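**Q** Here you go, sequence then predicted model.
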Amino acid sequence: MDKRRGLKWVEVDLRAISANTRWVLSRLGGADRLTAAVKADAYGHGAARTARAALAAGAHALGVRDLAEAAELRRAGLRAAIQLLMPILPAQAAEAVRLNAGATIDHAAQARALNAAARGKTVEVWIEVDFGLGRWGAPPALASQLLAAVARLPRLRAAGISAHIGYVPGKNSVEAEEKLGALRRLSAPHKKKNPAFRVRAANSAVFMDFPHHRFDTVCVGNLLYGINPSPSRPAALKNAWRFHARVISLREVRKGASIGYASEYLAPRRMLVAALPVGYADGLTMEPAERLIGFGSGFSYWAVARGARLPFVGRCGISHVLVDATSAPFLRVGDAVALPVRRTAARLVPRVYRS
């Protein structure tokens, strides 16, 4: 047993992230730039290490959620182009300029604040348009008006228009096609006037299912981490994430015995039960999206040991879970098993990087 790895850890394969980045780059189609989405600590993989791997593999820029994430990357020494994917507050304009982060805006007050904070610099801004997701973004009917307001501010440069259309594979493809078409029509006169004007709407799901709507810049996260959101389009991606925990207890349980919280689980047969030192505080049973992992109604979670599935038994606790290890008689205390965990939830679990 490698004692350096403790009782639980996440193994992040940077080689897989590099390979997945190259796979996306090889399929850009009409687009010519890839922004690697490293928001939320690179979906739990570690923002700085992941960003370096993606950039070294050819990504052109980094997409982060907000200024705090941009500052983290700058402190780590990264000088690459950074794009804020969430609109700034006007009061944050000076910090965005200081960090040299491309700003997303959806109203004129943000633009005016950035122009005032620029102080001799040229600040790049993207106009976010809301096509029904309802989180932020200018209404499509006002996008041209906002672009005109940006054009009147001497220290701003409108890089382009962005949108997140809220597409879920297998759910709303017709609606998504209509919205992507509307974005294309909205941006067409601006692109005709300025060929350098860019359009960005292709996240991982749109990238896979609407290759004719990748526009100029794609911004993907899931694909870089080995997650294909499209059930109908195969992708030769490599898994970049493995969550491991060690068995800390093994015991025989007789048929009919009650175990777990509230004594609500009754052993249906004689069982070998293993205790693992992970629980919902580590992201366990925070169910991943159905379309990505395949968990659905009535799903029973499991750990995996040498290919054998070990179903969860009883309730998952804050820091432990029990699994049925009857199918893995080879298992010993101290052995490691793999577990399904929502990646962004396991923030406090140590990372081990392979590169």
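**A** Structure's in. What do you need?

**Q** only C-alpha atoms for contact and neighbour calcs from this point on.
**A** Fine.

**Q** okay, now the closest residue in space to residue 80 that isn't next to it in sequence: neighbour count?
**A** Ranked by C-alpha to C-alpha, 6 or more residues apart in numbering and with sequence neighbours excluded, the top spatial neighbour of residue 80 is residue 61, at 6.2 Å. For residue 61, the count of nearby residues is 20 (other C-alpha atoms under 10 Å).

**Q** now residue 61: how far from residue 83?
**A** Residue 61 is 7 Å from residue 83, where distance means C-alpha to C-alpha, to the nearest Å.

**Q** And for residue 178?
**A** Residue 178 sits 26 Å away from residue 83 when distances are taken as C-alpha to C-alpha.

**Q** For these two, indicate the residue with more neighbours.
**A** For residue 178 versus residue 83, neighbours defined as other C-alpha under 10 Å are more numerous around residue 83 (26 against 11).

**Q** Can you check which helix is longest in the chain?
**A** Identified as the longest helix of the chain according to DSSP state H is helix 173-193.

**Q** Please report the distance of the closest residue to residue 41 other than its chain neighbours from residue 112.
**A** For residue 41, ignoring the flanking residues on the chain, the nearest one in space by C-alpha to C-alpha, 6+ apart is residue 47 at 4.5 Å. Separation of residue 47 from residue 112 (C-alpha to C-alpha) stands at 31 Å.

**Q** who has more neighbours, the two?
**A** Ranked by neighbour count (other C-alpha under 10 Å), residue 47 and residue 112 place residue 47 first, with 22 against 18.

**Q** wouldn't that one be in contact with residue 38 here?
**A** Yes: taking C-alpha atoms under 8 Å as the contact criterion, residue 47 and residue 38 are neighbours in contact, 5.7 Å apart.

**Q** What's the local residue count around the residue lying closest to residue 14 once chain neighbours are set aside?
**A** Closest residue to residue 14 in three dimensions, ignoring its sequence neighbours and counting by C-alpha to C-alpha, 6+ apart: residue 355, at 5.1 Å. Neighbouring residues of residue 355 were enumerated by other C-alpha under 10 Å; the total is 11.

**Q** list the contacts for residue 355?
**A** Contact criterion C-alpha atoms under 8 Å, 6 or more residues apart in numbering gives 13, 14, 15 as the residues in contact with residue 355.

**Q** Tell me the backbone dihedrals of the closest residue to residue 66 other than its chain neighbours, please.
**A** In this structure, residue 66 finds its nearest non-sequential neighbour in residue 84, 5.6 Å apart by C-alpha to C-alpha, 6+ apart. Main-chain torsions, residue 84, degrees, to the nearest 10: phi -80, psi 120.
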